[in-house]
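[1] Sharing a model that was predicted from the sequence below.
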Amino acid sequence: MAVAIFLLIIVVGSVVFTFWSPWWFSEIASNWGGIDTTVLITFWVCGAVFVAIGVFMAYCTWKYRHREGARADYQPENARLEWWLTVITTIGVVAMLAPGLIVWDDYVNPPDEALEFEVLSQQWTWKFRFPGADGVLGTVDVANLSLDNPFGMREDDPAGEDDVLVNSAEVHLPIGQPFKVLLRSRDVLHDFFVPEFRAKMDSVPGMVTYFWFTPTKIGQYQIICAELCGMSHHTMRGWVHVDTEEDFAAWFANQPTWAEMRDGVTRKVYTALAQRGRQVAESSGCLACHTLDGTKVVGPTWQGLWGGEQTLADGSKVMVDEAYVIESVREPNAKVVEGFAPGTMITYGADVVSDDDLEALIAFLREDAAP
């Protein structure tokens, strides 16, 4: 009897917790309400099966409990029961699969009015690329990926000259405009996911994947990587800003084209040590959290950082010099900058960022992040 009561408590408690749970869907900000519907259908089908099995187990535990003189009746076959189970199971599986297949068919078939943009993922950050005035994205080649060419643009493709490159983990989109999202990975398997959009897709090395969505609510939404991609997977964050048409146009007009970026890189000359320092910053995931353009992401921007003062969480100030950078890398929670939460940066020991790498990183900060 005690076991039967315990099973019923589990069933009733689970149902009550479901309706009183503080964890539920966030407000949707895209056109993919159908994905919510498919999840809820699956949830209710599985919930009904869970309740039915739990109550049945409690009933059987009570009904067939041990009693003096009782004898078991062995029935190896029950065709009627098997037919009922087959029919009910089939209906349940179809109810879960059919809506998902219908939504998936729409998910990978963007409308004709959809515009394209590309998401380039790498450990542990995101970059974005839009077609320019010609409306066509230029071709790329992984062999071209470098510090001077972070998107792998092909020099011999004129269609790429006006491509708009967003070398940052933040991107802006206009409200109400359908977008086909093309995904590439520079290194390992990633997954581009914006929870409020209910839309996600794997970014697979060596191929281009895609999906589409229409942003429907103005606001700022966090991008996360929904695929375990390495040591700093949890810090692979970014932001999608859904703007009015006017605000998006103003932002878009300030983004460089491939031709402009290439010319800018040509004019920028680093020492060999600083050049290696930038490679350390990219390969170690530093630029996933610290931008070079003044944008605030997970950690303080590096623009104008070197030689300046930082205000710490306790109100004191510290000069950004070699000692401060070394301490911030080796013991990131020793001096937390005001406005940023402690514990967001992992500790980089000498086994991850060597002393030589750290020296190169400091040289890069001196040359590129000086005020």
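    Done, it's in.

[2] can we go C-alpha only for contacts and neighbour counts from here?
    OK.

[3] List the buried residues in the lengthiest helix in the chain.
    Assignment by DSSP state H gives helix 33-63 as the longest helix of the chain. Going by neighbour count (16 or more other CA atoms under 10 Å), the buried part of helix 33-63 is 34-35, 38, 41-42, 45, 47, 51, 54-55, 57-59, 61.

[4] what's the distance between that helix and the middle of its chain?
    Put simply, helix 33-63 sits 30 Å off its chain's centre (CA atoms, centre = their mean, to the nearest Å).

[5] returning to what we had before: same list, the buried residues of helix 33-63, but as CSV with distance to Ser26 please.
    Shown next, in CSV, are the buried residues of helix 33-63 (distance: CA to CA, whole Å):
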residue, distance to Ser26
Gly34, 15
Ile35, 13
Thr38, 16
Ile41, 17
Thr42, 18
Val45, 22
Gly47, 21
Val51, 26
Gly54, 30
Val55, 32
Met57, 35
Ala58, 35
Tyr59, 38
Thr61, 40
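
[6] which residues in the stretch 101-250 of the chain form strands?
    Secondary structure of the stretch 101-250 of the chain (DSSP state E, counting those that start in this stretch): strands at 115-122, 125-130, 164-166, 170-174, 179-185, 190-194, 199-203, 209-213, 219-225, 237-243.

[7] Of all the ones you listed, which one is nearest Val87?
    Smallest distance to Val87 across those (CA to CA): 33.0 Å, for strand 199-203.

[8] Direction included, what does the closest one pair against?
    Note on strand 199-203: by DSSP bridges, its sheet partners are strand 190-194 (antiparallel).

[9] Quick one: work out the angle between the partner strand and strand 115-122.
    Put simply, strand 190-194 runs at 130 degrees to strand 115-122, going by axes from the mean of the first three to the mean of the last three CA atoms, to 10 degrees.

[10] what residues does strand 190-194 touch?
    121-122, 199-204, 221-229 (CA atoms under 8 Å, 6 or more residues apart in numbering).

[11] Let me know the pLDDT of Val108.
    At Val108, the predicted lDDT confidence score is 87.

[12] Quick check, Gly307 in contact with Glu322.
    No: contact criterion CA atoms under 8 Å: Gly307 and Glu322 do not qualify, at 9.3 Å.

[13] Helices along the protein, start to end?
    2-20, 33-63, 79-107, 245-253, 258-267, 272-283, 286-289, 322-330, 355-368.
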